[in-house]
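K.L.:
Mind looking at a prediction? Sequence and model below.
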Amino acid sequence: MADGVWGRMRAGLARARQGLLGRIAAAVSGHRTVSAGLLEELEGALLAADVGMPETMRLVGRLRELAAAGELFAEGVAATLRAEVARSLEGSSRPMRRAETPPSVVLLVGVNGSGKTTTAAKLAHALRGEGQRVLLGAADTFRAAAAEQLGIWAERAGVDMVRHAAGSDPSAVIYDAVAAARARGVDTVVCDTAGRLHNKANLMAELRKMVRVAGNACPGAPHEVLLVLDGSTGQNALVQAKVFTEAVGVTGLVLTKLDTSARGGIVLAVWRELGLPILWAGVGEGLEDLRPFDPEAFASALLGADGAGEPGYAEG
Amino acid sequence: MGVLFESLSSRLESVWRRLRGRGRLTPQDVDEVLREVRLALLEADVHFKVAKDFIARVREKAVGDEVLASLSPAQQVVKIVHAELCALMGSTSARLASASQPPTIIMLCGLQGAGKTTFAAKLAGWLGRQGRHPLLVAADLQRPAAVEQLAINARQVNVPVVTPEPGDGPADVAARGVARAAALPADVVIVDTAGRSQADADLMAELRAIRDRIRPHEVLLVLDAMAGQDAVNVARGFAEGVGVDGVALTRLDSDARGGAALSVREVIDRPIKFAGTGERLDAIEPFHPERMASRILGMGDVLSLIERAEQAWDHSQAEKLQERVQKDGLTLEDFLEQMQALRRMGPLEQVLGMIPGLGQAMRSSKAQVDERELGHIEAMIRSMTGEERRRPEIIDASRRRRIAAGSGTQVADVNRLLRQFGEIRKLMRDVTQGRLPRGMPGLPGMPGMTGPPVGGRPPTHRRGKHRGR
C-alpha cells in the first residue's frame, strides 16, 4: 500500500474527528492512573465510531481490568486500545477464494446505496491487475441505468460485461454471465446485484434464486457471496449481515466509503457475532480504491490515530 | 428473521410495562428506566452525546416532586420521555419553502448512496400529485450514468428533466434547468447533485458553486435512515458547507431504528421534511415528527395508519360490512375481503408496525406469517362452498379434508384457519359492540390484523415476478 490508502482513509477521519487521541491526551494529562473519566472518554470514542454497546463495553472492560491489575497506565491507553481492537479483528481478513477449475463466481449483495456497482468495477480492476481474465455481470436489472453505470465502469476497467434489458430476470443475467465466462475461459466473473433491504422477504427470495442459478450454471458457484456494507451504517449493519447470511450464505464483507468521516466500527461486532471475514475495503471513488482489508491499519484509523510518532502504527 | 437486538419500541414497551406495574417511582426506578432508554437510543444509532443530553434532560424532569408526588408517576414519565423526544424531533411537520416568484428551487445534497437521485424523482412525482408542475435537473456529473438514471425515473413519474449539454459543469446545468423552468413553465425545480463525503473539499466547492448560481429556496440534505453515529458529522458538514434547510430521510422502510434522524435534528436544528418509504417511486411521505416520536416510544403510528386506511378504504363498503357483521356476524367471505383490502393498504409490515401494541406481537416469531401463508389462507377459503364460508360451523372432518385437498394444504392448516377465524369472529363481536381495542379507533374492518393469520412480511405486489415492471 505504497500510496498510503490507509493514510487517506485516516485523513478522512482526521478531518471529522474530535479525535480520540486529542481527547485521550487531554484526559491523560497530569494523570498517571487510568481514571473513570478517561475510560468514559474511550467509551464515547468507540460508540462514536459505531462500534456498538456490547463491543465497546468489552473493550473498555478489558482496559479497566488491565488498569486494576496495575498493568496499564494512562499514557499507554491509546496504544493498548488500538492493540485490543486489532486483536479483536485477528483472522478477520483473507484473500478471495478461487475455484479449482475456473471460472470463480463472485456475487455482490447488499442494501441499496451501499456501493455494490462501484465495488464490482473496482474488484474487476483489482483482479485484472493480478493478471486474471475478468467478466462483469450486470444483474441489477431493477435500478434505472444501473447496467449503464456498470457498463461505463467496465469500459474504464477494460473488462467485458454481460447485461440484459432493464426489468428482466436477474437470475437469467447470472446464468448467462457464468455461461459466458465458462465459454470464454474467464478466470473470475463478478456479478453486481440490485440493492435490497434485508427486511423485504420477496427480494431476499429473488436473491436466493440468483445464488441457486449460479450453482446450476457452474458447479460450486458462487465461490464468494460478498456483502457490501456501507462504512457509515450504524447498528443495523449487524442485522443486515445476519439476515443476508441466513438468506444467501454470505462468505465475506466489503466495507465501503472508508474515505468518508465514517469509521465502520460495526464490523467489530459483525466479525465477533457472525465470524464474517472482511475481504476488501473501499477507500475512494477511483477504480484503484479497493484494498485488501488490513485489521492493524483499520484499528489505527478507527481510533483516529495520528501517524506522527505513534508507536505501533502501521501505515499499511 | 433474527433481529439481534430489541427495537427501541420493544425495549421501551417492556419498560413501560414495568412502569405501569408500579404505583410510585423512586429516583432509582427512574434511573433504571433511563438506563434502558439510553441503551435503546444507542442501539437506535442516536449519537451518544445526544443520547446523554436527552437522558439528562429527562432525568431532571422526572426525578423530583413533580413526578414522585403525582398520582400516576408512570404516565408522567412516559409523557416526559415522549415530550422530550418530540421536542428533539420538532413538533410540527415542516413544509417546503415556497418562492414568492415561481419557480421554487430545491437543491438536494448528501453522501454518495444516500438515495438522492431516487428521492429527486419521488419528490417530483409527489409535487406533481399535489398539482404542481415540477422539473428535474440532473446535476450529478460525477457518478457514471446518474444522469440516465434520473432521466429514466423522471419519465416514470412523468416529469420533464433537464440534462447536461456537452461542456456543462454542474452549476451550468443547474442554471440551465432554472432557465428552462420559466419557458415550460414549471413552478418547482429539483436539482439532483453529486454525492460525496462532506469532508471532500472539492464537492463542497461544487455544491457552493451550484448554490450561488441558482440561489435555491430550499436545500435538502438526503440522509439514509440506517446511518450511524457519523450522521452528525455529515449533517454538520453539509450545514456549514452549503447550508441545509431541511432533511429527507430515506429507507425508512428498513428495519433500522433511524436514531440518526434524532441526532441530526438536534445537531443542525433543521426539520426532517420527507420520508422515503419504499422502492416504488410513489413511496414518499411528508415526515411527521410527532408520529415518529410516538412510534419510537412504542405507541404506534396511529395517525399515519388511519390516514393510509382512509386512502385504501372504500367507506361505503366498510359501513355496509359493519352493518352486516353487526347483524349476522363475520363470515369467511368477509374475512377474505378484508384480507385483500388490508393488502391494498401497502406492505403489511409497514401497516402492522403502525398499530400500537402490535409492533411487539408481530416481532415474536409465532406471529410471523409470510405472504405465502396469506396465499394459502386465500386458497383455503376459495376451496369452500358459499355455505361453508357463511357458516363455518358446518365444516366437519370430511369437509376439512376436501378443503385441504382442494387448496393444496394440510387438514391441520384448515383447522388452524378455522380456529383463528373463530377467535377473530369473537373479537369482531366485541369490536362492533363498542369494545374497541385500544388504539384502533374507527377501523372496524381490520379483523385480520389482530391474530396470527396475518403478519410480518411485506406483500409481493409492489413488484411482480421480476420486480414487476
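P.N.:
Sure thing, it's come through. Remember, it's a predicted structure, so these values are computed and weren't measured experimentally.
K.L.:
and the chain, what are its domains?
P.N.:
No chain specified, so I'll use chain A. With domains defined by automatic domain parsing, chain A comprises A:3-92, A:104-293.
K.L.:
To clarify, I was referring to chain B.
P.N.:
If you go by automatic domain parsing, chain B breaks into B:6-89, B:104-296, B:307-432.
K.L.:
okay but residue B:39 is in contact with residue A:53, surely?
P.N.:
Yes. Using CB atoms under 8 Å, residue B:39 and residue A:53 qualify as a contacting pair, with a distance of 6.3 Å. From N, CA and C alone the C-beta is placed, and that goes for glycine too.
K.L.:
any shared contact partners between these two?
P.N.:
Common neighbours of residue B:39 and residue A:53 are not found (criterion: CB atoms under 8 Å, 6 or more residues apart in numbering or on different chains).
K.L.:
Let me see the ranges of the helices in the stretch 201-316 of chain A.
P.N.:
Counting by DSSP state H, counting those that start in this stretch, the stretch 201-316 of chain A has helices at residues A:201-217, A:236-248, A:266-274, A:295-302.
K.L.:
Quick one: work out the angle between the second one and helix A:266-274.
P.N.:
What it means is helix A:236-248. 40 degrees (axes from the mean of the first three to the mean of the last three CA atoms, to 10 degrees).
K.L.:
Repeat that for the last one.
P.N.:
With the same axes, to 10 degrees defining the directions, helix A:295-302 sits at 130 degrees from helix A:266-274.
K.L.:
Can you confirm whether helix A:295-302 lies near chain B?
P.N.:
No. Among the residues of helix A:295-302, none lie within reach of chain B under CB under 8 Å from any CB of the partner chain; the closest is 12.1 Å away.
K.L.:
Tell me which residues of that helix come out buried.
P.N.:
Residues A:295-302 are the ones in helix A:295-302 that count as buried (16 or more other CB atoms under 10 Å in any protein chain shown).
K.L.:
same thing with the second one?
P.N.:
Counting neighbours by 16+ other CB under 10 Å, one finds that the buried residues in helix A:236-248 are A:236-245, A:247-248.
K.L.:
from those residues, which single one is nearest chain B?
P.N.:
Closest to chain B out of these is residue A:236 (3.9 Å), distances taken as CB to the nearest CB.
K.L.:
Just give the closest residue to the closest one, not the sequence neighbours.
P.N.:
Sequence neighbours aside, residue B:256 is the residue nearest to residue A:236 in space, at 3.9 Å (criterion: CB to CB, 6 or more residues apart in numbering or on different chains).
K.L.:
in chain B, what spans have low per-residue confidence?
P.N.:
Scanning chain B for pLDDT under 70 picks out B:1-25, B:64-79, B:91, B:291, B:294-322, B:324-328, B:338, B:341-372, B:427-469.
K.L.:
where along it do the strands fall?
P.N.:
In chain B, the strands defined using DSSP state E lie at B:104-109, B:134-139, B:161-162, B:188-193, B:218-224, B:246-250, B:272-276, B:284-286.
K.L.:
how about the ones you listed in TSV, adding distance to residue A:205?
P.N.:
As requested, these are exported to TSV (distance: least, CB to CB, whole Å):
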stretch	distance to residue A:205
strand B:104-109	33
strand B:134-139	33
strand B:161-162	34
strand B:188-193	32
strand B:218-224	24
strand B:246-250	24
strand B:272-276	23
strand B:284-286	26
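K.L.:
Now tabulate those strands in CSV and tack on distance to chain A and mean neighbour count.
P.N.:
Formatted as CSV, the strands of chain B follow (distance: least, CB to the nearest CB, whole Å; neighbours: other CB atoms under 10 Å in any protein chain shown):
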stretch, distance to chain A, mean neighbour count
strand B:104-109, 14, 25
strand B:134-139, 11, 29
strand B:161-162, 12, 26
strand B:188-193, 12, 29
strand B:218-224, 7, 26
strand B:246-250, 8, 26
strand B:272-276, 10, 25
strand B:284-286, 15, 19
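K.L.:
Residue A:158: which of those strands is closest?
P.N.:
strand B:134-139 (27.2 Å; CB to CB).
K.L.:
Other residues contacting that closest one?
P.N.:
B:103, B:120-121, B:123-124, B:127-128, B:146-147, B:150-151, B:154, B:159-164, B:170-171, B:173-174, B:176-178, B:180-181, B:184, B:186-194, B:210.
K.L.:
picking up where we left off before, can you tell me which of the domains of chain B is most buried?
P.N.:
The highest mean neighbour count among those, using mean count of other CB atoms under 10 Å in any protein chain shown, belongs to domain B:104-296: a mean of 22.
K.L.:
any idea how far residue A:140 is from residue A:229?
P.N.:
For residue A:229, the distance to residue A:140 equals 17 Å [CB to CB, to the nearest Å].
K.L.:
In terms of packing, which of these two has more residues around it?
P.N.:
residue A:229 (28 against 25; other CB atoms under 10 Å in any protein chain shown).
K.L.:
Can you give me the pLDDT of the more buried one?
P.N.:
As predicted, residue A:229 sits at a pLDDT of 98.
K.L.:
So stretch B:194-203, near chain A or not?
P.N.:
Yes. Using CB under 8 Å from any CB, we find that stretch B:194-203 touches chain A at B:196-199.
K.L.:
Just put the buried residues of helix A:295-302 in JSON lines and tack on pLDDT.
P.N.:
Listed next are the buried residues of helix A:295-302 as JSON lines, based on pLDDT from 0 to 100:
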{"residue": "A:295", "pLDDT": "94"}
{"residue": "A:296", "pLDDT": "92"}
{"residue": "A:297", "pLDDT": "91"}
{"residue": "A:298", "pLDDT": "94"}
{"residue": "A:299", "pLDDT": "93"}
{"residue": "A:300", "pLDDT": "89"}
{"residue": "A:301", "pLDDT": "89"}
{"residue": "A:302", "pLDDT": "88"}
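K.L.:
remind me, longest helix of chain B?
P.N.:
helix B:411-432 (DSSP state H).
K.L.:
Export that one to CSV, keeping only CA atoms.
P.N.:
Once side chains and other backbone atoms are set aside, the C-alpha atoms of helix B:411-432 remain, and they are given as CSV (Å, rounded to 0.1, in the frame of the first residue of the first chain):
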residue,chain,number,x,y,z
VAL,B,411,-56.0,-30.6,7.3
ALA,B,412,-54.0,-29.0,10.1
ASP,B,413,-53.8,-25.8,8.2
VAL,B,414,-57.6,-25.8,7.7
ASN,B,415,-58.0,-26.5,11.4
ARG,B,416,-55.8,-23.6,12.3
LEU,B,417,-57.6,-21.2,10.0
LEU,B,418,-61.0,-22.1,11.4
ARG,B,419,-59.7,-21.8,15.0
GLN,B,420,-58.2,-18.4,14.3
PHE,B,421,-61.3,-17.3,12.4
GLY,B,422,-63.3,-18.2,15.5
GLU,B,423,-61.2,-16.0,17.6
ILE,B,424,-61.4,-13.2,15.2
ARG,B,425,-65.2,-13.5,14.9
LYS,B,426,-65.4,-13.3,18.7
LEU,B,427,-63.2,-10.2,18.7
MET,B,428,-65.2,-8.7,15.9
ARG,B,429,-68.3,-9.1,18.0
ASP,B,430,-66.6,-7.3,20.8
VAL,B,431,-65.5,-4.5,18.5
THR,B,432,-68.8,-4.0,16.9
